[in-house]
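Enquirer: 3D model of this:
(chains A and B)
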Amino acid sequence: DGGITQSPKYLFRKEGQNVTLSCEQNLNHDAMYWYRQDPGQGLRLIYYSQIVNDFQKGDIAEGYSVSREKKESFPLTVTSAQKNPTAFYLCASGIPGRFTDTQYFGPGTRLTVL
Amino acid sequence: SQQGEEDPQALSIQEGENATMNCSYKTSINNLQWYRQNSGRGLVHLILIRSNEREKHSGRLRVTLDTSKKSSSLLITASRAADTASYFCATVVQGAQKLVFGQGTRLTINP
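Expert: As a prediction, the model looks like this:
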């Protein structure tokens, strides 16, 4: 059963804590992405990775970090430096290319700072 | 500012009616995509139209692209309650390796 999974579905964090959001895919996709979505808004790109052991900052990378040690996994750490982390986080994967940038999304993780 | 801007921001229609959403963008694109998001869920890819295409159909969906006006429209015919969702356009900007999303149209289908 192919797909992209995210865990946990809901996450609560105290101020000053780092938290890590999991994203796993078994679609054999080279590219993976992390987006942030605020209420009533579109998606903003945090980080993306086109290949294992390589990743690039997106539009709002400050306060976040990622790693890409395996093709299947692209965890996102929300650090204490992110001042307003409460949001819905979406992970996606895809096959990078000029005309084939369709992305496949996970179900999301809702992060709330207490 | 956003590359893609959807219009209207919210749309409420009766079941069975057609729904039309529009997307405008600013720079040259490789392709334009439409996604659907049910409340609190991930996005689902609906349709992709390339910059050299003008119209594309998929079931009850019809997408048009006018590169001279830098705009696209998504038409959902014979709407159903299950079509209630937010719809986003996303563009692949020439030379970039990422999708840029608009802010979405929130569609409500009333039974």
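
Enquirer: give me the low-pLDDT residue ranges for chain A?
Expert: Applying pLDDT under 70 to chain A flags the ranges A:1-2, A:97-100.

Enquirer: and it, which of its residues are near chain B?
Expert: A:33, A:35, A:40-45, A:48, A:50, A:58, A:88, A:90, A:92, A:96, A:98-99, A:101-108, A:110 (CB under 8 Å from any CB of the partner chain). From N, CA and C alone the C-beta is placed, and that goes for glycine too.

Enquirer: the closest residue to chain A within chain B: neighbour count?
Expert: Residue nearest to chain A within chain B: B:G42 (3.6 Å; CB to the nearest CB). Counted with other CB atoms under 10 Å in any protein chain shown, residues neighbouring B:G42 total 20.

Enquirer: where does chain B dip in pLDDT?
Expert: Ranges of chain B meeting pLDDT under 70: B:1-3.

Enquirer: would you mind listing what in it touches chain A?
Expert: B:2, B:4, B:30-31, B:33, B:35, B:40-45, B:48, B:50, B:88, B:92, B:97-104, B:106.

Enquirer: just the buried ones from those residues, in PyMOL syntax?
Expert: Typed into PyMOL, the line below selects the buried ones among these, using 16 or more other CB atoms under 10 Å in any protein chain shown:
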select buried, chain B and resi 2+4+30+31+33+35+41+42+43+45+48+88+92+98+99+100+101+102+103+104+106
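
Enquirer: okay, and which of the residues of chain B next to chain A map to helices?
Expert: Among the residues of chain B next to chain A, no residue falls in helices (DSSP state H).

Enquirer: please enumerate the helices of chain A.
Expert: Using DSSP H, helices in chain A do not occur.
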